[in-house]
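Peer 1: got a predicted model here, sequence first, then my questions.
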Amino acid sequence: MPEVLARLSGKQFVQGRFIAGEGGQLAVRNPARDEVIGHIAVATPAEIASTVAAALAAWRPWASQPARVRAEALHALGRLIETDAAAMAQVMTLEQGKPFNEALGEIRKLAEACHFYAEEAVRVHGEIIPNDQPGYQSLILREAIGVVAAITPWNYPAELVGWKLCAALAAGCPIIIKPSEFTPFTALMIAEKTQQAGIPAGVVSVLNGDGASVGQALVDHPDIPKIAFTGSSRTGLRIQQSCPAIKRLSLELGGNCPLLVTRHADLPQAVQGAVRRSFRNMGQICIAINRIYVERTVYADFLDQFAAATRKLIIGDGLLNPAADLGAMAQVAPLQKTRQHLQDALDKGARLVTGGAAPEGEAFGKGLFFQPSIVADCTHEMLVMREETFGPLVGVAPFDRLDDAIALANDTPYGLAAYAYTQNLQEIHRCAAELDVGNVAINHVDAGIMNAPYGGRKQSGVGVEHGREGLLEYFQFKHVRLRHGVGA
Ligand code: NAD
């Protein structure tokens, strides 16, 4: 077991240093082997209170630094993360289950986010608005919002912490991170890098623990004006409903994302995209393809090619087989939900095309493994077509008219991402205009990039991350109306 896990086990990162948490302990397991790799201490009310107080004290000094200073700290953080990327990826694979190479890619993207927001930090400016009366001027200022609580899930333990951390640091907000109780060590390693980057004590903290006690205590705290949350729609709604005061909320929530494939699609490309976005990270991606609608004339061909490509995916223990396509699932709950959605679809008449069970062999005996699975001839009576599975299962259905496919794609409480493959210009424009989601990807499946805003609609959330817009979520406006008298 890496030395870093022994060092960080049971620790909180508060006031710029690691302390041994005094609360009750929770085990952290490697889902590929069902082995305990360490533990976290659940932050106590006293630890939470002192952490928030330290963050509040750090706020104005950090926010009043020249943006250039905050940018340099972010660049330094990015460089430190790049340098230690392999060790960080190993820890992520141990706690999350994704193959090492994929974890390494995620760490490198976190480093990119540091550099991106370092560059954005120095380009935040206000406006001067002309007034109707001479002698007046309106200045529009942007001010850092204050202490932010970042509450994050386990599927992308580095990036989902990083997007919030980088934007908050760039804006001048202290941030208290409550990572998922299943993947705390990646967050603690990021905290260690902020310390090495010289970011002042109190500006970044990590408090571990479960959501109901530690997460909720941060939501409830009167000195935290903004909650940046990524997680399930159910928890997001709970946070919104339980907020005891008016707070700024950004809620990046669940999805049940559709892919549309028309007869005008480049079929091999559509198949490649379907495989990647249905099964990467074992389907544990908010923007995973959960359901696919294929025009009837190419339905059988698509299914044959999709099944053949899916069967070629290599599953393995992500440390022993770093280049595997798929690792273990991160947790028991999504594995159970995958089985439930599969059984529900089969009971309601779906046809199993491939997968449907755990892979066989000793290597898979203890871990949370499941074969990537496709069910065909699905209807909207089936859970897989209406609810987020968050596992390696996708439902496929034929359609006759694009109108019907778009209506079905929109027939869900979610509005996160949608995908379409077609080379027909009219179809492209219709999909772009009529799919009721925050992110549409056409003829590829990589819906999010660092430079453009990313967020959901409907029950998929409010607010955005990424891009300039993601940074502006950490500011509030101030209008200063000045009577200088010149020209009056
Ligand atoms: P979850 O909602 O169970 O937990 C997310 C975080 O919230 C964890 O840190 C948890 O401890 C905390 N939490 C739980 N109850 C809380 C409460 N009452 N108050 C405050 N915090 C609380 O989600 P999960 O199972 O960890 O993650 C999977 C979900 O995340 C999926 O639904 C997925 O779609 C979603 N997700 C969304 C995005 C996005 O960008 N939209 C990205 C990744 C994951």
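Peer 2: Right, received. Where do you want to start? Residues are numbered from 1 along each chain as shown.
Peer 1: isn't C257 up against A420?
Peer 2: No: C257 lies out of contact with A420 (CB atoms under 8 Å); the separation is 11.3 Å. The way it works is simple: take the backbone N, C-alpha and C, and place the C-beta from them, glycine included.
Peer 1: higher neighbour count, the two?
Peer 2: C257 (31 against 27; other CB atoms under 10 Å).
Peer 1: which residues touch that one?
Peer 2: C257 sits next to 277, 287-291, 414, 416-419, 437 when contact means CB atoms under 8 Å, 6 or more residues apart in numbering.
Peer 1: if you set the cut-off to 7 Å instead, what comes out?
Peer 2: 287-290, 416-419 (CB atoms under 7 Å, 6 or more residues apart in numbering).
Peer 1: what's the spatially closest residue to K98 that is not a sequence neighbour in contact with, if anything?
Peer 2: Distances taken as CB to CB, 6 or more residues apart in numbering place G327 nearest to K98, at 4.8 Å, with adjacent residues excluded. Contacts of G327 were listed using CB under 7 Å, 6+ apart, and they are 32, 97-99, 282, 316, 318.
Peer 1: can you check A111 too?
Peer 2: Contacts here follow CB under 7 Å, 6+ apart; on that basis A111 touches 78, 81-82.
Peer 1: so which of those residues wins on neighbours?
Peer 2: Within those, I81 tops the neighbour count with 26 neighbours, counted by other CB under 10 Å.
Peer 1: wait, that residue sits on K109?
Peer 2: No: the pair I81 / K109 is not scored as a contact, 10.0 Å apart, by CB atoms under 7 Å.
Peer 1: tally of neighbours for A345?
Peer 2: 26.
Peer 1: and it, how far from the ligand?
Peer 2: Remark: distance between A345 and the ligand (CB to the nearest ligand atom, to the nearest Å) = 19 Å.
Peer 1: name the helix or strand for that residue, please.
Peer 2: Assigned by DSSP states H and E, A345 belongs to helix 332-347.
Peer 1: again, but for L188
Peer 2: Per DSSP H and E, L188 falls inside helix 184-196.
Peer 1: which elements pack onto the next helix or strand after that helix?
Peer 2: Downstream of helix 184-196, the next assigned helix or strand under DSSP H and E is strand 204-206. Where contact means 3 or more CB pairs under 7 Å, 6 or more residues apart in numbering; DSSP states H and E, strand 204-206 is packed against strand 11-14, strand 175-178, helix 184-196.
Peer 1: after strand 204-206, next one along is what?
Peer 2: helix 216-220.
Peer 1: okay, now the domains of this structure?
Peer 2: 2-253+460-477, 257-449 (automatic domain parsing).
Peer 1: buried ones in the helix holding A345?
Peer 2: For helix 332-347, burial by neighbour count (16 or more other CB atoms under 10 Å) applies to 334-335, 337-342, 344-345.
Peer 1: go on, stretch 30-37?
Peer 2: So, applying 16+ other CB under 10 Å, buried residues of stretch 30-37: 30-33, 37.
Peer 1: can I take it that Q272 is in a helix?
Peer 2: Yes: under DSSP: H, G, I helix; E, B strand; the rest coil, Q272 falls within a helix.
Peer 1: phi first, then psi, for the residue nearest to K98.
Peer 2: Main-chain dihedrals, G327, degrees, to the nearest 10: phi -110, psi -150.
Peer 1: same question, R248
Peer 2: phi -80, psi 130.
Peer 1: how about the nearest residue to it, chain neighbours excluded?
Peer 2: Per CB to CB, 6+ apart, closest to R248 is K226, 4.2 Å.
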